[in-house]
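[1] no FASTA, just this:
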């Protein structure tokens, strides 16, 4: 994930090449613009607070009744790699 995010930061147009394999041509042509717009928000880590907030949202909206544990859902064993 960290390597992919670095590669996209270096060249957002790489996303278009991948998108062309999965999406119609017009939609694939939009991907690089969206990636470039969102790059400042790309991060490989999910904090416990963010996880808890997402779980509360999912429960409130009825998407789920139960909530997994942070350690069971997030690959915390790789936290040393999250900084890139």
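    Cool, the structure landed. If you're wondering where the values come from, they're calculated on a predicted model, not measured in any experiment.
[2] Could you measure from the residue in the chain sticking out farthest from the centre over to residue 15?
    Most distant from the centre of the chain: residue 65, at 23.4 Å, with distances by CA atoms, centre = their mean. Residue 65 sits 35 Å away from residue 15, going by CB to CB, to the nearest Å. The C-beta positions use only the backbone N, C-alpha and C, and glycine is treated the same way.
[3] okay, now the residue nearest to the residue farthest from the centre of the chain when sequence neighbours are not counted: neighbour count?
    Nearest residue to residue 65 in three dimensions, chain neighbours excluded: residue 59, at 7.0 Å (CB to CB, 6 or more residues apart in numbering). Residues lying near residue 59 (other CB atoms under 10 Å) number 13.
[4] now do residue 79
    11.
[5] how near is it to residue 73?
    Residue 79 is 13 Å from residue 73, by CB to CB.
[6] which sections of this protein are below the confidence cut-off?
    Applying pLDDT under 70 to the chain picks out residues 84.
[7] what ranges do the helices span in it?
    Taking DSSP state H as the test, the helices found in the chain are 2-10, 14-22, 25-38, 48-60, 70-73.
[8] Residues touching the first one, excluding its own?
    It refers to helix 2-10. The contact list for helix 2-10 (CB atoms under 8 Å, 6 or more residues apart in numbering) reads 14-15, 35, 39, 42-44, 81-82, 84.
[9] No further queries at this time; thank you.
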